[in-house]
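Participant: Okay, predicted coordinates and the sequence, questions at the end:
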Amino acid sequence: MDDLISAIATAVGAGGIAVVRMSGRGALSVARKMFSRKGEFQPNYMYAGEIDAGTFRDYGMCVYFRAPKSFTGEDVVEFHCHGGTEIARGILKRTLELGARLAERGEFTKRAYLNGKLSLSAAEGVGEMIAASSEAQVRAGYLLYNEKLTSLGTALQRKLTHCLAEVDADLDYPEEDLNASSRAEIAATLREVGQELAALLSQYAAGRKIRSGVSVALVGAPNAGKSSLLNALLGYERAIVSDVAGTTRDVVEGTLEIEGVNFRITDTAGLRESADAIEREGVRRAREAMKGADVIVWLKEDGEVPEFPEGTPVITVGAKSDLARREDCDIVLSSYTGEGLDALRRLLYERGFGRENDGAFLLSERHYRAAQAAHEAVKEALASAEGGLPPELYAEDIRRAWETLGTLSGETASEAIVTEIFEKFCVGK
């Protein structure tokens with residue numbers, strides 16, 4: 001799979017610089033034909049000169065990475081030209097004329113994986129960083145790219161390998177039964193692996209929030225100040241503000257980033273009984289927004305307390321500083337002066353995300369399902385071991401956990417899984 005591929009590695013459109021990347025056999029030969037350089041290319045040096053696209057020339061730069069010391073593990077050449085659609089396309093076209101083929105989606109990163117330059121979860125980390133819509137997703141993606149998940153999975157596999165060695169020895173030499181201390185050691189190791197997997201699985205809720213954002217519902221009576229609060233949090237007028245109660249009929253959403261995490265703030269219709277069919281529908285949607293929220297901000301006023309979904313954190317806010325009683329609210333704020341807004345942002349982060357989740361990196365459903373399956377297999381093996389069952393009855397559970405953990409790094413991942421992952425990438429990455 002070392003045939004020469006080429007693609008534009010930067011976003012198409014106006015810009016200062018565009019990059020055309022090649023990887024595979026013949027990359028250096030094409031570079032020699034297209035770039036005005038006297039003498040040999042030295043690896044890892046950036047050269048300035050003319051790039052010959054056949055029908056035009058551009059003044060830019062060229063760099064050569066010699067295999068295996070490159071991102072893909074193959075010979076790689078990059079042309080750095082002036083930005084804009086036509087220049088990069090012309091240079092790409094010329095590389096194709098000289099023997100390269102157009103790269104498929106994610107093919108550069110796939111080659112890096114197949115050549116052992118990074119694990120499968122590290123490749124997925126690259127995808128997370130590319131698709132990131134918040135700093136938190138960039139940080140989590142980098143942890144994946146930096147082999148955080150693969151390292152954990154490999155460490156757990158080593159522990160399971162030790163258990164299997166003990167069990168297999170017992171199967172090979174049945175006349176020498178596992179003694180009590182060996183059985184206890186296997187059970188202790190399985191228990192330890194199970195606890196580490198449980199801790200990993202507990203990250204997934206935070207990982208979902210890192211990827212999709214924390215859902216926040218602003219609720220309260222009509223004219224309680226929900227729309228004003230939404231606008232104040234976002235820093236611009238997203239919702240219509242009026243003295244007329246019931247102005248908000250539908251949910252209005254905006255995104256706020258707090259300490260690198262996206263919070264999707266939803267302004268809802270005021271909660272009250274109404275004869276107006278449109279307003280009743282708005283109230284119904286407000287209640288639906290509460291059910292789907294990760295945290296609720298209740299703008300408290302005198303009157304009936306809404307029925308909040310069980311288990312959802314609620315931040316009680318006095319939205320009018322001159323009227324609210326401080327002892328009845330988590331925060332007293334003014335949307336007009338900004339008093340209390342910073343405190344509300346801190347509370348949203350603490351109750352909606354949690355500082356204990358700052359280092360979360362379990363983002364994808366694939367990783368979650370693999371960790372969950374491994375956890376179930378380990379639990380079954382542990383129950384058998386603690387129940388005094390013969391090792392041959394739970395050896396298969398240990399092997400199943402080992403193989404499932406291998407899908408995180410790609411060691412035991414199927415071709416279908418690998419293909420599906422890289423098809424999500426863009427061309428040029």
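Facilitator: Received, thanks. Numbering: from 1, shown residues only.

Participant: hey, let's count contacts and neighbours off CA atoms from now on
Facilitator: Fine.

Participant: Show me what the mean pLDDT comes to for stretch 220-229.
Facilitator: The average of the pLDDT scores along stretch 220-229 is 77.

Participant: CA atoms only for it, dumped as PDB, please.
Facilitator: The C-alpha trace of stretch 220-229 is given here as PDB (Å, rounded to 0.1, in the frame of the first residue of the first chain):
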ATOM      1  CA  GLY A 220     -39.200  30.100  35.000                       C
ATOM      2  CA  ALA A 221     -42.400  32.000  34.900                       C
ATOM      3  CA  PRO A 222     -43.300  34.300  32.000                       C
ATOM      4  CA  ASN A 223     -41.300  37.600  32.100                       C
ATOM      5  CA  ALA A 224     -38.900  36.200  34.800                       C
ATOM      6  CA  GLY A 225     -35.900  37.400  32.800                       C
ATOM      7  CA  LYS A 226     -34.900  34.200  31.000                       C
ATOM      8  CA  SER A 227     -34.300  35.900  27.600                       C
ATOM      9  CA  SER A 228     -32.300  38.700  29.200                       C
ATOM     10  CA  LEU A 229     -30.200  36.200  31.000                       C
END
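
Participant: Would you list the strands that the top strand by length along the chain pairs with, along with their directions?
Facilitator: Ordering each strand of the chain by length in residues (DSSP state E) puts strand 57-65 first. Next to strand 57-65 in the sheet, as set by DSSP bridges, lie strand 46-52 (antiparallel), strand 76-82 (antiparallel).

Participant: need the helix or strand of the protein with the lowest average pLDDT.
Facilitator: helix 277-291 (a mean of 65; mean pLDDT, DSSP states H and E).

Participant: Which helix or strand lies directly C-terminal to that one?
Facilitator: Sequence-wise, the next helix or strand downstream of helix 277-291 (DSSP states H and E) is strand 295-299.

Participant: Is there a neighbour count for Lys148? I'd like the number.
Facilitator: Lys148: 18 surrounding residues under other Cα atoms under 10 Å.

Participant: and Glu56, what are its phi and psi?
Facilitator: Residue 56: Phe, not Glu. Main-chain dihedrals, Phe56, degrees, to the nearest 10: phi -160, psi 170.

Participant: Now do it against Ala9, distance only.
Facilitator: Distance of Phe56 to Ala9, given as Cα to Cα, to the nearest Å: 20 Å.

Participant: Need the strands paired with strand 57-65 in TSV (columns: mean pLDDT).
Facilitator: TSV is the format used below for the strands paired with strand 57-65 (pLDDT from 0 to 100):
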stretch	mean pLDDT
strand 46-52	96
strand 76-82	97
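
Participant: unless I'm mixing things up, Phe361 is touching Leu143, no?
Facilitator: Yes: between Phe361 and Leu143 there is a contact at 6.5 Å, judged by Cα atoms under 8 Å.

Participant: Between these two, tell me which one has more neighbours.
Facilitator: Phe361 (26 against 20).

Participant: So the closest residue to Arg89 other than its chain neighbours versus Gly127, what's the distance?
Facilitator: Spatial nearest neighbour of Arg89, excluding adjacent residues (Cα to Cα, 6 or more residues apart in numbering): Ile8 at 7.6 Å. With the distance defined as Cα to Cα, Ile8 ends up 17 Å from Gly127.

Participant: And the helices in the chain?
Facilitator: For the chain, the helices defined by DSSP state H occupy 27-34, 85-97, 107-114, 120-131, 135-145, 148-172, 180-201, 204-212, 226-234, 277-291, 341-352, 365-386, 395-409, 415-422.

Participant: between those helices, which one is nearest to Val261?
Facilitator: Of all the helices of the chain, it is helix 135-145 that lies closest to Val261, at 5.3 Å by Cα to Cα.

Participant: count of neighbours near the closest residue in space to Gly16 that isn't next to it in sequence?
Facilitator: Leaving aside its chain neighbours, Gly16 sits nearest to Gly83 (4.7 Å; criterion: Cα to Cα, 6+ apart). Neighbourhood size, Gly83 [other Cα under 10 Å]: 18.
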